[in-house]
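Novice: just coords:
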């Protein structure tokens, strides 16, 4: 069966291959999920995640295959129903990596069209917008306002044209290992298990995808990546990662309110001076405006609602006019890695590599990460092809470690950029907005990123940053007007998120009593406010005792809960493939 499948799959479209694959693997008979003899499919390289990093890696591998005449089979696994469905970014795009991947991209039909025409930074008070100097790191000259969702789809098409196999709608549930402990590949998630954990008639066992090298490019807080980080102690020589949660809307605005290519960033109101965050407002083409709000997940006040801070931001006198008479057509949210070089893990391990925001390559000072994600994927591909002979000659079940990847990464412009702006995020995290802004200004305008020291983060993880509710001030948010501001569930519909209802809850909490003791009694249930999809609700039972209800089908796969949860009791497990948001222009 496998041989027949391998023989004809390359001739089919992505959707047809997925359908064929379902038919093939259902030929396997089973009695329980523990007793399954799983189908194995072998490739030279398996890439987890069809985002900018994973697809750039796949494309570069195939480009080098042609240049060097070294055959290599490449498979990309994507949990979204289509490439791009789970990709969200601002996105003010630096084309630096795209220039290298496709030097002729401007002559191709890419979705990278609207060049930045002007950019500015505003410091907001409640009633005023004060024009401020734009930091060198935020200058957007030569960049483009794009939908990263659409660029990802374009990259997927290019990858398939080069011979990459992309399996959309299949979630990588866990890494698998050889007897010597090296990464062997991944296991896809089982499908067709009921909410109660029983096997249904539609059960399909997850196959094993075996590779000589695996690239984990899952995006921020990848499920498989967390496991290999723990196993191989990839974080032993770096600080704990710090994250941000970004929420975004796409608007169609009136032509008179549209300024193609305008890029606006803001800081200050509505956040207090202790909370890191700010907004972006990007004018794309076709009367579209991308607006969003990012808050560092190291915030202190458990009563803070990132969603409601975003809605309040849009009511500012300098911001609201852009949206008057317009229509919000899309909504989404995603976490990002903000820690920089201080939090950069080891990137290689026996049999596998990390790439993209999965590894923490985003440059917070620039509010950009797509270009660095793409380049890291390309570097991973080049590291594999540099050691092609050694990899292909290695004994089965004993995959090698590509130490050349991390060396090449640190010699690249990605690391140079990250190093230059390394003090940006910890300056604010450690010293607050006022003093932090002074340090950042001196670093960028005077020292040009060459300060003779590197600031270390003082905290030990975003989850321990919260102050108890009794020591915090409740925040009263204004009512939604349903014109500029909207209740969360109304916006959530615009994300297209959807999950099979009859499946195990993918947000797993083992210690529910500890969750109640800490999260509700001590911190007043912050997950009900930081979740941008209302997955978590604290409700009273018939005896008026509070319990946590999990609305898993609402989930946007942003991963904020597994980051910010105080006791780290929430385990984010992959749901069935094809579940989650269906972004079309994020």
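Specialist: Here it is on my side, so go on. Note that the structure is predicted; figures quoted are calculated from it, not measured.

Novice: residue ranges of the strands in the stretch 151-300 of the chain, please?
Specialist: In the stretch 151-300 of the chain, the strands defined using DSSP state E, counting those that start in this stretch lie at 165-168, 172-177, 183-188, 191-193, 199-204, 208-216, 243-252, 262-268, 277-283, 288-296.

Novice: residue 488: which of those strands is closest?
Specialist: strand 243-252 (9.9 Å; C-beta to C-beta). No exception for glycine: its C-beta is placed from N, CA and C like everyone else's.

Novice: one step back: take the strands of the stretch 151-300 of the chain and lay them out in JSON lines including mean neighbour count, mean pLDDT and distance to residue 159.
Specialist: Converted to JSON lines, the strands of the stretch 151-300 of the chain look like this (neighbours: other C-beta atoms under 10 Å; pLDDT from 0 to 100; distance: least, C-beta to C-beta, whole Å):
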{"stretch": "strand 165-168", "mean neighbour count": "22", "mean pLDDT": "98", "distance to residue 159": "7"}
{"stretch": "strand 172-177", "mean neighbour count": "20", "mean pLDDT": "98", "distance to residue 159": "17"}
{"stretch": "strand 183-188", "mean neighbour count": "26", "mean pLDDT": "98", "distance to residue 159": "18"}
{"stretch": "strand 191-193", "mean neighbour count": "20", "mean pLDDT": "94", "distance to residue 159": "24"}
{"stretch": "strand 199-204", "mean neighbour count": "14", "mean pLDDT": "92", "distance to residue 159": "25"}
{"stretch": "strand 208-216", "mean neighbour count": "26", "mean pLDDT": "98", "distance to residue 159": "13"}
{"stretch": "strand 243-252", "mean neighbour count": "24", "mean pLDDT": "98", "distance to residue 159": "25"}
{"stretch": "strand 262-268", "mean neighbour count": "21", "mean pLDDT": "97", "distance to residue 159": "29"}
{"stretch": "strand 277-283", "mean neighbour count": "24", "mean pLDDT": "97", "distance to residue 159": "26"}
{"stretch": "strand 288-296", "mean neighbour count": "24", "mean pLDDT": "98", "distance to residue 159": "25"}
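
Novice: for residue 415, which of those is the nearest?
Specialist: Nearest to residue 415, of the strands of the stretch 151-300 of the chain and by C-beta to C-beta, is strand 208-216 at 18.0 Å.

Novice: neighbouring strands of that closest one in the sheet, and parallel or not?
Specialist: Sheet pairing for strand 208-216, assigned by DSSP bridges, gives strand 40-48 (parallel), strand 183-188 (antiparallel), strand 352-354 (parallel).

Novice: burial count for residue 436?
Specialist: By other C-beta atoms under 10 Å, the residues close to residue 436 number 21.

Novice: quick one: it and residue 425 touch, right?
Specialist: No. The pair residue 436 / residue 425 is not scored as a contact, 9.1 Å apart, by C-beta atoms under 8 Å.

Novice: before we move on, back to that, make TSV out of the strands paired with strand 208-216 and add distance to residue 116.
Specialist: As requested, the strands paired with strand 208-216 are arranged in TSV below (distance: least, C-beta to C-beta, whole Å):
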stretch	distance to residue 116
strand 40-48	31
strand 183-188	38
strand 352-354	30
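
Novice: what's the closest of those strands to residue 579?
Specialist: Proximity to residue 579 (C-beta to C-beta) singles out strand 183-188 among those, at 13.6 Å.

Novice: who touches the closest one?
Specialist: In this structure, residues lying in contact with strand 183-188 by C-beta atoms under 8 Å, 6 or more residues apart in numbering are 38, 46, 48, 77, 170-178, 206-211, 214, 224, 228, 349-352, 397, 399, 577.

Novice: that one: how far from the chain's middle?
Specialist: 21 Å (C-alpha atoms, centre = their mean, to the nearest Å).
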